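Colleague: Everything below, folded, please.
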Amino acid sequence: MAALVYTVTAIAGIAAGVVGIGGVFGATFTVHIARIVPLGGLELAMDPLAGLFLALVGLTTAATSLYAIGYAGAARGAYAYLAFVTALGLVPLAANAMTFLLAWEIMSLASWVLVLDRRDDADVQRAAWVYAVMTHAGLACLLAGMLLLAAHTGSLRFADWRAAAPALAPAIRNAVWVLLALGFASKAGVVPLHVWLPLAHPAAPSHVSALMSGAMIKLGIYGLLRVGLEWAGPGPTWWGGTLLMLGVVSALVGILSALVDTDLKRLLAFSSIENVGVILIGVGSALLFVRAGTEALAAIALVAALYHTVNHAAFKALLFLGAGAVAHATGTRNMDAHGGLIKRLPWTAACFLVGAVSISALPPFNGFVSEWLTFQALLQSVRVAEPGVSLLFAIGTAGLALTAGLTAACFVKAFGITFLALPRSDAAAHAHEATATMRWAMAGLAAACVALGLGATVVVPAVTRVAASMLGAAVAPLHGTTLTFSVGADFASLSPLLIAAALGAGLVAPRVFLVVAGSPRRARLGETWGCGRILQTARMQYTAGAFADPFKRVFRFFYRPVKRREVVAHPDSRFFVRRIEYANPARALFEEWLYHPVLRGLVGITHRVQALQSGNAAAYLGYILAALLILLVVR
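Modeller: Numbering: from 1, shown residues only. Model prediction:
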């Protein structure tokens, strides 16, 4: 039965992807059923932005569902997965507040059930608890913001909000934006509301992690775009500046946290925070450009953000599925227990490598194109005359550049430690390749990463239609093999096919030279060079911790590692050492400095309030009398 559920969701995902692509190119529809949902009924509508996110959700669902057919343990949550997928598709199509909030809550509850897959595990229980608290705190913010907006517009319909937004008082618009931005940012995993994400993603089954990271957190970006450009916007400069700075902080915090982690799925979860930050840099830039009156530049920034949203769905879903295949084959997510898997899992290794190169923004894969577009938008900040805004763009450019370099280092670690060198455990030495459907799903996402990179001249015009529908301004990319953006004059060109041809020639040329020079055609096999040692063992190679140690030293101000050293000597003589253990784990600063003090304060308040429940009837009568007196005074 579970296989049937996943097969149906895979087919439905493909159908939703086709419908969504039609929406990107102008297809529209509306559905209104009055009595299913109270306060406005069930109302759905398609526009280009909804179409883009529906296509993203649908095609990601198709890949994760295909993967789940052959994934061990996927049967337990099949029906919750079906509810999760359905809600994911309804959120971008919702056209009124009640439909949106209902779909949002079903999405959150179904994903919570899926996170709680191994409910007898204490770590999973904690992850599910933190996720439940954060997602419902976000829902409370969304509910408050939407009710405030409905109270001042007289309607729960999004179309009415768009029409009434320019006439709202600035204080109301700011309050609405803050409340809704908090709700959507918590779902997107924006720092400092990100604490649930590195807990929930590793706890969930891998196909669910891929869907949560590839699709669910992107709906937080969808909401930020809606509220910032339509429901309450466009707004003042500080809206865009806040998102830009949160993007920079999220990108750096996410990738620095990923660099030092040894859990492969948690590394990918932190990397999702980093990529959400990159997307927010583009979104914040777009809002700033709109405020400055440069709609063409705003369109480029928005195209970059949307393109990176689509790209991240492809390569992060691929990486999570690859991590699931590794964990399925070895029984562990700890990279220090992996190694040598490229020989035992060649298909998984090849697909994971495509995802790693894509997320590292190396040409000609998809991550390179969207980050290149983001840089182009940021570098055009010279056209904005305000010095404060120019400083924000400068910080954004520097933060994005540093993030790009650290990301490449992070995924050198992720791929190298996991797949290269010698096996570090018996489980890695006897690992087995993933099942056929798992391999097909990963291969499909790997092909999507390549296609989104090489096909930029096809994809960008489509994404530009979405940006133009929201901004009313279009940037005309030239068709053919070159992508050129014009603002006054041509200032940025990119030819993915030419880059691919140059890289291909660079790879082929050395071999051609060797053949011409008379080198033997057959490769000669030999042992790995051992620097004079005859026998190589896994103890002689890098571990994930050793790779990350230089970064801990350079970014010590962020990690604040706690050094621990334990020396175990022989009981008869301290000069004979049996074992030396050394560790310098990084500290979770946001938990230590923000969430733990808040929790301690809440616990203290509850203990004080609990004293009021004394069980004394006379005290309760006194409370009633005091309440009556207060009501009489108020009246």
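Colleague: Give me the neighbour count for residue 182.
Modeller: 18 (other Cβ atoms under 10 Å). Backbone N, C-alpha and C define where each C-beta goes, glycine included.
Colleague: That one: helix or strand, and which one exactly?
Modeller: Assigned by DSSP states H and E, residue 182 belongs to helix 170-188.
Colleague: just residue 440 next, same as before
Modeller: Per DSSP H and E: helix 436-454 holds residue 440.
Colleague: hmm, back to that, please work out the average pLDDT along whichever helix or strand comes after the helix holding residue 182.
Modeller: Using DSSP H and E, the helix or strand that directly follows helix 170-188 along the chain is helix 197-203. In this model, helix 197-203 has an average pLDDT of 91.
Colleague: what mean pLDDT does the helix or strand following helix 197-203 have?
Modeller: Later in the chain than helix 197-203, the nearest helix or strand by DSSP H and E is helix 206-211. The predicted model assigns helix 206-211 a mean pLDDT of 94.
Colleague: Same question for stretch 215-233.
Modeller: On average, stretch 215-233 scores 94.
Colleague: Tell me which other helices or strands the helix holding residue 440 touches.
Modeller: Contact analysis of helix 436-454 by 3 or more Cβ pairs under 8 Å, 6 or more residues apart in numbering; DSSP states H and E lists helix 48-69, helix 295-330, helix 346-359, helix 366-379, helix 496-516 as its packing neighbours.
Colleague: among the ones you listed, which is nearest residue 538?
Modeller: Nearest to residue 538, of all the helices and strands packed on helix 436-454, is helix 295-330, at 13.8 Å by Cβ to Cβ.
Colleague: Surely residue 364 is within a strand?
Modeller: No: counting by DSSP: H, G, I helix; E, B strand; the rest coil, residue 364 is not part of a strand but coil.
Colleague: count of residues packed around it?
Modeller: Residue 364, neighbours per other Cβ under 10 Å, totals 22.
Colleague: cool, residue 612 as well?
Modeller: 9.
Colleague: Just to be sure, it is in a helix?
Modeller: No: applying three-state DSSP, one finds residue 612 to be coil, outside a helix.
Colleague: quick one, phi psi at it?
Modeller: phi -70, psi -20 (degrees, to the nearest 10).
Colleague: so what's it up against?
Modeller: Contact partners of residue 612, counting by Cβ atoms under 8 Å, 6 or more residues apart in numbering, are 619, 623.
Colleague: ok, it to residue 596 distance?
Modeller: Computed as Cβ to Cβ, to the nearest Å, the residue 612 to residue 596 distance reads 26 Å.
Colleague: check contacts around residue 349.
Modeller: Contacts of residue 349 by Cβ under 8 Å, 6+ apart are 341, 342, 415, 419.
Colleague: How many residues are close by the closest residue to the first one other than its chain neighbours?
Modeller: By the measure of Cβ to Cβ, 6 or more residues apart in numbering, the closest residue to residue 341 outside its immediate chain neighbours is residue 419, 4.7 Å from it. Here the count is done by other Cβ under 10 Å, and residue 419 has 26 residues near it.
Colleague: Would you agree residue 419 is in contact with residue 352?
Modeller: Yes: using Cβ atoms under 8 Å, residue 419 is in contact with residue 352, at 6.9 Å.
Colleague: The closest residue in space to residue 77 that isn't next to it in sequence: how many residues sit nearby?
Modeller: Nearest non-adjacent residue to residue 77, counting by Cβ to Cβ, 6+ apart: residue 114, 4.9 Å away. Neighbour count for residue 114, taken as other Cβ under 10 Å: 24.
Colleague: would you say residue 114 is within a helix?
Modeller: Yes: assessed by three-state DSSP, residue 114 belongs to a helix.
Colleague: Roughly how far does it sit from residue 184?
Modeller: For residue 114 relative to residue 184 (Cβ to Cβ), the value is 21 Å.
Colleague: before we move on, the earlier item: and the helix holding residue 440, what's buried?
Modeller: For helix 436-454, burial by neighbour count (16 or more other Cβ atoms under 10 Å) applies to 437-446, 448-450, 452-454.
Colleague: what's the lowest-pLDDT member of those residues?
Modeller: residue 454 (87).
Colleague: isn't residue 582 right up against residue 561?
Modeller: No: Residue 582 is beyond contact range of residue 561, at 11.3 Å (criterion: Cβ under 8 Å).
Colleague: More neighbours: which of the two?
Modeller: A direct count of neighbours by other Cβ under 10 Å for residue 582 and residue 561 places residue 561 higher, at 17 against 10.
Colleague: So which elements touch the longest strand along the chain?
Modeller: Using DSSP state E to define each element, the chain has its longest strand at strand 573-583. Packed against strand 573-583 by the contact rule (3+ Cβ pairs under 8 Å, 6+ apart) you find strand 564-570.
Colleague: Now do the strand it packs on against strand 573-583, angle only.
Modeller: With axes from the mean of the first three to the mean of the last three Cα atoms, to 10 degrees defining the directions, strand 564-570 sits at 150 degrees from strand 573-583.
Colleague: Need the mean per-residue confidence for strand 564-570.
Modeller: The model assigns strand 564-570 a mean pLDDT of 78.
Colleague: what sits up against it?
Modeller: By Cβ under 8 Å, 6+ apart, strand 564-570 touches 575, 576, 577, 578, 579, 580, 581, 582, 583, 584, 585.
Colleague: Tell me, how many residues neighbour the closest residue to the fifth one other than its chain neighbours?
Modeller: It stands for residue 579. Once flanking residues are discounted, residue 579 sits nearest to residue 568: 4.3 Å by Cβ to Cβ, 6+ apart. By other Cβ under 10 Å, the residues close to residue 568 number 10.
Colleague: Same question for residue 627.
Modeller: For residue 627, using other Cβ under 10 Å, the count is 10.
Colleague: That one in helix, strand or coil?
Modeller: helix.
Colleague: quick thing: my sequence starts at 233, can you match it?
Modeller: Sure, I'll start numbering at 233, so the last one becomes residue 859.
Colleague: distance of it from residue 866?
Modeller: For residue 859, the distance to residue 866 - Cβ to Cβ - is 11 Å.
Colleague: Residue 252 now?
Modeller: Following Cβ to Cβ, the distance that separates residue 252 from residue 866 is 53 Å.
Colleague: With neighbour numbers in mind, choose between these two.
Modeller: Between residue 252 and residue 866, counting by other Cβ under 10 Å, residue 252 is the more crowded of the two (25 against 6).
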